[in-house]
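> Got a sequence here, can you model it:
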Amino acid sequence: MDYESLKLIWWVLIGVLLIGWAITDGFDMGVLTLLKIVGKTDYERRVMLNTVGPHWDGNQVWFITAGGAIFAAWPVVYATAFSGLYFAMLLVLFAMFFRPVGFEYRSKIEEAKWRSNWDWLLTVGGAVPSLVFGVAFGNLFLGLPFTLDNTMRSFYEGNFFQLLSPFALLVGVVSLAMLVMHGAAYLQMRTQDEVLERSRKATIVTAVVTLVTFIFAGICLLYWVDGYVITDMTKDAGEAMTPMAKTVTTVEGAWLNNYSIYPITIVAPILAIAGLLLTILFSLKDKSALVFIASSVAISGIICTAGFSLFPFVMPSSIDPSLSLTVWDVVSSKMTLNIMFIVAMIFVPIILAYTIWGYYKMWGRISTQNIEDNKYGTY
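Alright, predicted model coming up:
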């Protein structure tokens, strides 16, 4: 395949991996965030933990795979993000540490305070990454304060607290509400009785919050957040190039330009809004499987909306827009992308297959009676 096609293919594949992670590991984080809200007793919280306990580490493979793909396909993006957003990444990492130890040790001691403390830590392990990932996406639309020198070394000139702008926090709320909604939708399929009823209410509330904040974020992009536009490129998109080979300017509302340039992309926000409305409708109708499907469609639509709006930008620079990182100028060599494409076509279906097999073998609704009957064989 030609170089330009490979660049586009890897932009799509990384998007697919991010969607796969949000749909699978996303409901894990959503369930953990709801642990102290939906679960009113120790047995109810153990029911919730047992819906995700056998799967969460397998789901996280999607996250690891996406990170590895960014490292291999977009090395400059990986280097710039992990150096500039170092403290934000550490915050996510330390929050995620609570998940494996929480699942392992939470139910080892039958003491109310011990278990309550672990429940709070597990909640942090679900809520903090959900929020921070959204804040990070919000900052991509605002531009990050970095520059590049002539040797392509990146220099980040901001700090952690600069990431917490109103718009970035708004996108963080979209992300948090979206994943909590997805976790509640998953609980509707896997639980019974009071936990199921509370999960249904949580799904409806968080779907409404996601819908309102998602639409408001779009309005902000149209009227209050300047978008980035490539005005000149010294090389063709099918050639090897550096971020210095273009000129970029900022224009009000430009982040929504792609929806007029490529009309097919309007499908993404339509799917997002339709998925959220159907999530609410199916929750009211007690159609748990359809709720989860609608929630997955909404997540896919929201992530695609963000990706289509940013395209071709991957990491804009607020200091020097012309040094922004794009799909065309931060990729690995043509040979590397070709080899990775072959590897991805082999191993991504394998990951998908064993994920489906794992859920098939361990599927079923869990009740408090299951926990009582198998006191020491559950989380």
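> surely Pro312 meets Asp329?
No: Pro312 lies out of contact with Asp329 (Cβ atoms under 8 Å); the separation is 9.1 Å. All C-beta atoms are positioned from the backbone trio N, CA, C, and that covers glycine.
> These two - which one has more neighbours?
Comparing Pro312 with Asp329 by other Cβ atoms under 10 Å, the one with more neighbours is Asp329, at 23 against 18.
> Confirm that one sits in a helix?
No: Asp329: not assigned to a helix; according to DSSP: H, G, I helix; E, B strand; the rest coil it is coil.
> That one contacts Met241, correct?
Yes: between Asp329 and Met241 a contact is recorded at 4.8 Å, counting by Cβ under 8 Å.
> what stretches of this structure score poorly on pLDDT?
Residue ranges of the chain with pLDDT under 70: 375-377.
> Tell me where it has helices.
Taking DSSP state H, the helices of the chain run over residues 3-33, 35-38, 42-52, 56-73, 75-84, 86-105, 112-142, 166-190, 193-223, 258-261, 267-284, 288-310, 334-361, 368-373.
> residues near Met152, how many?
Met152 has 14 nearby residues by other Cβ under 10 Å.
> contacting residues for it?
By Cβ atoms under 8 Å, 6 or more residues apart in numbering, the residues touching Met152 are 76, 242-243.
> and the gap between it and Trp74?
13 Å (Cβ to Cβ, to the nearest Å).
> Equivalent analysis for Ile293, please.
31 Å.
> more neighbours, these two?
Trp74 (23 against 16).
> so that one makes contact with Val314?
Yes: with contact defined as Cβ under 8 Å, Trp74 counts as touching Val314 (6.4 Å).
> Find residues that contact each of the two.
325, 330.
> could you list every residue that touches the closest residue to Val251 other than its chain neighbours?
Computed as Cβ to Cβ, 6 or more residues apart in numbering, the closest residue to Val251 that is not its neighbour in sequence is Val229, at 5.3 Å. By Cβ under 8 Å, 6+ apart, the residues touching Val229 are 248-251, 254, 257.
> now swap in Val52 and tell me
Val52 neighbours (Cβ under 8 Å, 6+ apart): 27-28, 31-32, 186.
> and with 10 Å instead?
25, 27-32, 59, 99, 103, 126, 183, 186-187, 190, 379 (Cβ atoms under 10 Å, 6 or more residues apart in numbering).
> just curious, which of the residues you listed is nearest to Gly138?
Met29 (17.8 Å; Cβ to Cβ).
> how near is the closest residue to the closest one other than its chain neighbours to Asn59?
Nearest residue to Met29 in three dimensions, chain neighbours excluded: Gly126, at 4.0 Å (Cβ to Cβ, 6+ apart). According to Cβ to Cβ, Gly126 and Asn59 sit 12 Å apart.
> Counting neighbours, go ahead and name the busier of those two.
A direct count of neighbours by other Cβ under 10 Å for Gly126 and Asn59 places Gly126 higher, at 30 against 21.
> Now for Gly126 and Asn59: what residues contact both?
26-29, 52.
> Pick the one among those residues closest to Ile270.
After measuring the shared contacts of Gly126 and Asn59 against Ile270 - Cβ to Cβ - the closest member comes out as Gly26, at 20.9 Å.
> which residue packs closest to that closest one, ignoring adjacent ones?
Here the residue nearest Gly26, using Cβ to Cβ, 6+ apart, is Leu179, at 4.5 Å.
> Could you pull up the residues touching the one you found?
Residues in contact with Leu179 (Cβ under 10 Å, 6+ apart) are 22-23, 25-33, 126-127, 129-131, 133-134, 206, 210, 295, 299.
> Kindly recompute the last result at 7 Å.
26, 29-30, 130 (Cβ atoms under 7 Å, 6 or more residues apart in numbering).
> Among the residues you listed, name the buried ones.
26, 29-30, 130 (16 or more other Cβ atoms under 10 Å).
> so who does Val348 touch?
No contacts exist for Val348 under Cβ under 7 Å, 6+ apart.
> Look up how far Lys113 lies from it.
44 Å.
> One more: Leu49?
Leu49 is 18 Å from Lys113, by Cβ to Cβ.
> who's more crowded, those two?
Leu49 (25 against 8).
> ok, and the closest non-adjacent residue to the more buried one?
Nearest one to Leu49, counting by Cβ to Cβ, 6+ apart, is Tyr379 at 4.3 Å.
> ok, now which ones touch that neighbour?
Going by Cβ under 7 Å, 6+ apart, the list of residues near Tyr379 reads 46, 49-50, 53, 103, 106-107.
> Quick check on Gly53: phi, psi?
phi -50, psi -40 (degrees, to the nearest 10).
> oh, I was asking about Gly253
The phi/psi pair for Gly253 (degrees, to the nearest 10) is phi 80, psi 10.
> where's the nearest residue to it once chain neighbours are set aside relative to Phe141, distance?
Of all residues not flanking Gly253 in the chain, Leu222 sits nearest, at 5.0 Å (Cβ to Cβ, 6+ apart). Note on Leu222: its distance to Phe141, by Cβ to Cβ, is 12 Å.
> Compare these two (neighbour count), which wins?
Ranked by neighbour count (other Cβ under 10 Å), Leu222 and Phe141 place Phe141 first, with 22 against 14.
> Single out the most deeply packed of the helices of the chain.
Across the helices of the chain, averaging neighbours per residue (mean count of other Cβ atoms under 10 Å) puts helix 166-190 on top, at a mean of 25.
> Distance from the chain centre to that one, please.
With Cα atoms, centre = their mean, to the nearest Å as the basis, helix 166-190 stands 10 Å off its chain's centre.
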